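# coords below, sequence missing:
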Ligand code: IVH
């Protein structure tokens, strides 16, 4: 039973024999490995739970690498709770259902002090007491998740599901660094927690990670998530755990159970105990003596919540004593002993007067709701994004509808909900449809299968044009100082500039026609435009605004081909030989140059005298014809450096392991790619060996 327990979860994929029994032998190496693991666990705890690291990332990586190395030498000593084993297993096809030890309930809500007092009155009446203490906790706006520990080791992570049965998402949960894979016996004992226990809490995505990931998705033409909660749910239910691992999720514990029942005699004690055992427990909590103190706590967080690095939507108030909780019991799906006070959303209800698609630089049409102006948190809001057609369908929103609009942090206002069943606010009846032609230029609008966004395909669309010129002139591209938004709009509106090549035809007289343009400024702008002609080839490639071709890709293309003509002539296959160019980018480049307008543009830029050739980087031949895959966290080089090293030596770097792969370069925390390499018998090397290979 003991050793077996480790492997009970159905989601764990390596054979039982792969893991050694955790029972300690006296061997020195085993001791050394276990000591190293303890050290790493301590630093993970300092970093991910306490947000207070004691060592640098590099020092931490060095410890991890040392452990990886020792484990690679002694694979029999690998245990499932080793810090090296967070990301393991392959993408799954679906999730297995898992039953909860006791139902995961929801909470009733209160929206005012009065409703809170009503709740307290019921608590007093039903319990026959008035001396009740309340635990006040932040209501974290994520996704609730149960963690089942067996013999101190994390056995399963289960989503709430319908409350009785959830989904087993263990492999994903294991990648979350604030979730302990195991808790040492002595620590549990000290905290007063039994070896078999369950923690329930909230998985959430910090706002910074949410914004960054959404930006990346936007850039890739993928659907953006409306809020961190949706993103969290999408991440927890990811079939590929390596994706979950990259998303920097956080887990806060707020309940401790044994056999489905509350274990401590007070909620406040359970929170302290979980904290002592190494779980991340939200520090912003208070044991209140009465409802007046509760109310103070609620009010104090009304504004402070704005500065939290994650979202909360209220305060949860729980009767602290377990015995009294049990007396109070449940109604349907919610306990009588707890309530959620919900803050009024930073939002308002208003009416949608129209829905208008707005065209961006990439040609994406974003449906924007034009609202009856309404004040939200100090400013008047008259526009809110509806993101895309999928979102419009999800909300079921129509023009004329009354809607709830929210504005959170620095996020642009968005429509969150349609107001239904309100006779004073009847439903709208005008369906919004994405136009078939671009509202700005009349070009065709298409939705590529597999993408959520509609785009205007006309390369000469003025909306695209303004964005494209601003991009072209920006500091990292052609660095044309003084060519800002106002000037670009003037130039395009007057028809003086119809594409980026027209910039090079501008005369002083052209510029002097424009409002607020003096001699000196005109001369400066022209000098800047002239100077840009001397910028290297990679800037020109970047400046063309080819979808998915960023600064780095442009650089690699320039180095690989040595001229714009060679890039234009390259087939998708040839393009894929370039560092970091995959099928999607290659196809986008081919498509760009297949377009007649774009070819004409290139001709005009050539005539204008821009730099069309560069230094072709001659490659080494040591690794010619060899394909590499990088996986895990490298410690001696960044991933990009390693890639460059390989490519400079004539090798190729690919994203996935196949029979054609010659070497897999594995860093620490290597996951499914390493498994695949082993499965296929591909050589696995470390960073040092790679250095040896490239010489
Ligand atoms: S206690 C029966 N504590 O709110 C007790 N829940 O509306 C139920 N939540 O599903 C959970 N922060 O996802 C509890 N400090 C907290 C919470 C919290 C957020 C969420 C949780 C739950 C939902 C109930």
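On my side now, so go ahead. Owing to the predicted nature of the structure, the values given are computational and were not obtained by experimental measurement.
# nearest residue to residue 436 other than its sequence neighbours?
Among residues not flanking residue 436 along the chain, residue 445 sits closest, at 5.7 Å (Cβ to Cβ, 6 or more residues apart in numbering). All C-beta atoms are positioned from the backbone trio N, CA, C, and that covers glycine.
# just how off-centre is the host helix or strand of the one you found within its chain?
Using DSSP states H and E, residue 445 maps to strand 445-446. Averaged C-alpha coordinates place strand 445-446 at 28 Å from its chain's average position (Cα atoms, centre = their mean, to the nearest Å).
# from the ligand, how far off is residue 394?
For residue 394, the distance to the ligand equals 21 Å [Cβ to the nearest ligand atom, to the nearest Å].
# same check, this time on residue 319
Taken as Cβ to the nearest ligand atom, the span from residue 319 to the ligand is 11 Å.
# over to residue 538?
49 Å.
# indicate the residue of the stretch 1-150 of the chain located nearest to the ligand.
residue 144 (3.2 Å; Cβ to the nearest ligand atom).
# sec struct for the residue nearest the centre of the chain, please.
Closest to where the C-alpha atoms of the chain average out (Cα atoms, centre = their mean) is residue 213, at 3.7 Å. For residue 213, the assignment made with DSSP: H, G, I helix; E, B strand; the rest coil gives helix.
# strand partners (parallel or antiparallel) of the helix or strand following the strand holding residue 445?
Where DSSP H and E defines the elements, the next helix or strand beyond strand 445-446 is strand 454-456. Take DSSP bridges as the rule and strand 454-456 pairs in its sheet with strand 364-376 (antiparallel), strand 445-446 (antiparallel).
# by mean pLDDT, show me the worst of those strands.
Sorting the strands paired with strand 454-456 by mean pLDDT places strand 364-376 lowest, at a mean of 90.
# which SSE is immediately downstream of it?
Strand 364-376 is succeeded, C-terminally, by strand 379-385 (DSSP H and E).
# which other helices and strands contact that following strand?
Counting contacts by 3 or more Cβ pairs under 8 Å, 6 or more residues apart in numbering; DSSP states H and E, strand 379-385 is packed against strand 364-376, strand 402-406, strand 414-418.
# is it possible to export the ones you listed to JSON lines including distance to the ligand and mean neighbour count?
JSON lines is the format used below for these (distance: least, Cβ to the nearest ligand atom, whole Å; neighbours: other Cβ atoms under 10 Å):
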{"stretch": "strand 364-376", "distance to the ligand": "24", "mean neighbour count": "18"}
{"stretch": "strand 402-406", "distance to the ligand": "18", "mean neighbour count": "21"}
{"stretch": "strand 414-418", "distance to the ligand": "17", "mean neighbour count": "20"}
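# so which of these gets nearest residue 494?
strand 364-376 (25.3 Å; Cβ to Cβ).
# with distance to residue 133 added, can I get the strands paired with strand 454-456 in TSV?
Formatted as TSV, the strands paired with strand 454-456 follow (distance: least, Cβ to Cβ, whole Å):
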stretch	distance to residue 133
strand 364-376	36
strand 445-446	61
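# closest to residue 341 out of those strands?
That would be strand 364-376 among these, by Cβ to Cβ, at 20.7 Å.
# quick check: which ranges of this protein have low pLDDT?
1-26, 88-92, 218-224, 226, 345, 377-379, 408-411 (pLDDT under 70).
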